[in-house]
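Participant: Sequence below, structure please.
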Amino acid sequence: MIKKIIKRILRLVKRILIITVAIVLITYFIYNLILTICFEKISKESESDYTNPVFSDDVQIHLVDVGQGDGIVITYQNKVVVIDAGPMLHKTAMKDYLQKIGVKRINALIITHPHQDHFGGLDFILCNFKVNQIYTTEISSNVDMSPTERFHLTQYNYIISKYNRINNYSKITSIDCKDGKLSHLSFEPLEFTFLGPIKDYENFNNNSIIVRMDYGNVSALFTGDIEADAEHDLVKAYRRSGLLDVDILKVPHHGSHTSSSQEFLDIVDPEIGLISCAIDNDVWHPHKPVAKRLKEMGITLYRTDEGGSIVLTIDGTNIESSSKKGDYKSGSQLSSD
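Facilitator: Residues are numbered from 1 along each chain as shown. You can find the predicted model right below:
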């Protein structure tokens, strides 16, 4: 009797496994087909159909409320630079925001690193906008990855490679600052300088692209999810050059205690800090030590969990915003209010 029950259970488990594998394969086939159709369609469409309006004669930095993830849009006249694509949980958030403000072409799409909360909406962006160039970072085989991170990296590489192949391998630039030579991106007088990663790290987050923006006398630093080790190396590499001294800082790693070391903040010395995180996020970003440091330094804070999408307007000298300013509570304190 017991043997019969065991056999039935084993047959049931086998059927479940077969059905699961079949569902995964069918899902992959459908997803692959949809991506192929979308990528080929948009690659063949007329360039004239993807002309941006003139957004403003000033530079605008949009910190988009994508939930627990990163998504930044920078506009200047008819140029658009996007840094990160939001999380998988809100895959359409960046696409919807870009369409809302009238974007049709992305001149530069920078994915700081292949964590799902930074590239989750990448496929929706590539299927809906002309993208001139994608900037990405290569992840070494020495990087310490969880099975989930490895799966997401595989997914990311699959999307990037398919898009690149359909566009005749002309769309992807890998950022590597390990030899000390800095790459630049220019929409004169709006300039971008890639400062990192400056070496291969075992920690996934530390391999994030770091990019500095300059417009007139105003500068900003976008840092992905770098942590204290990468911050220390950046300070060591650029302390004398002044390249880390900026007015606006995208606070690293959503305000996590792993990042925003005092050493790093002292060198950057920003007037404004931007934090992208979800309200009541379960990791309690920003963390108390970081919020305390920002407050003690008198840094004006804008955060998406309190103010929704944030817009800063820069005329080359001044920085203005009608967005709600954030306070210095940690995510845990907000959750308990």
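
Participant: which of the residues in the helix or strand hosting residue 75 are buried?
Facilitator: Assigned by DSSP states H and E, residue 75 belongs to strand 72-76. For strand 72-76, burial by neighbour count (16 or more other Cβ atoms under 10 Å) applies to 72, 73, 74, 75, 76. Heads up, the C-betas are built off the backbone N, CA and C, glycines and all.

Participant: Which neighbours in the sheet does it have, and how are they oriented?
Facilitator: Partners of strand 72-76 in the sheet, by DSSP bridges, are strand 59-63 (antiparallel), strand 79-83 (antiparallel).

Participant: hang on, the earlier thing: any chance of the buried residues of strand 72-76 in TSV with pLDDT and distance to residue 82 as columns?
Facilitator: As requested, those are arranged in TSV below (pLDDT from 0 to 100; distance: Cβ to Cβ, whole Å):
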residue	pLDDT	distance to residue 82
72	98	7
73	98	6
74	98	8
75	98	10
76	98	13
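
Participant: so can I have a markdown table of the residues you listed showing distance to residue 38?
Facilitator: Below are those laid out as a markdown table (distance: Cβ to Cβ, whole Å):
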| residue | distance to residue 38 |
| --- | --- |
| 72 | 24 |
| 73 | 21 |
| 74 | 25 |
| 75 | 24 |
| 76 | 28 |
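
Participant: Contacts only, for the residue most central in space within the chain.
Facilitator: The centroid of the chain falls nearest to residue 84 when counting by Cα atoms, centre = their mean (2.6 Å). Under the criterion of Cβ atoms under 8 Å, 6 or more residues apart in numbering, the neighbours of residue 84 are 69, 70, 71, 72, 110, 111, 112, 118, 119, 224.

Participant: And for the last one, nearest residue in space, chain neighbours not counted?
Facilitator: It stands for residue 224. In this structure, residue 224 finds its nearest non-sequential neighbour in residue 208, 2.7 Å apart by Cβ to Cβ, 6 or more residues apart in numbering.

Participant: One more: the fourth one?
Facilitator: By the measure of Cβ to Cβ, 6+ apart, the closest residue to residue 72 outside its immediate chain neighbours is residue 83, 4.1 Å from it.

Participant: list the contacts for that neighbour?
Facilitator: Going by Cβ under 8 Å, 6+ apart, residue 83 touches 70, 71, 72, 73, 74, 110, 112, 211, 222.

Participant: again, only this time at 10 Å
Facilitator: For residue 83, the contact set (Cβ atoms under 10 Å, 6 or more residues apart in numbering) comprises 61, 63, 70-74, 108-112, 118, 135, 192, 209, 211, 213, 222-224, 250.

Participant: Run through the chain and note the low-pLDDT ranges.
Facilitator: By pLDDT under 70, the weakly predicted segments of the chain are 1, 335-337.

Participant: Can you get me a residue count around residue 15?
Facilitator: 10 (other Cβ atoms under 10 Å).

Participant: where along this structure do the helices fall?
Facilitator: Using DSSP state H, the helices of the chain run over 2-44, 93-100, 116-119, 122-126, 147-166, 228-238, 262-268, 288-296, 304-307, 331-336.
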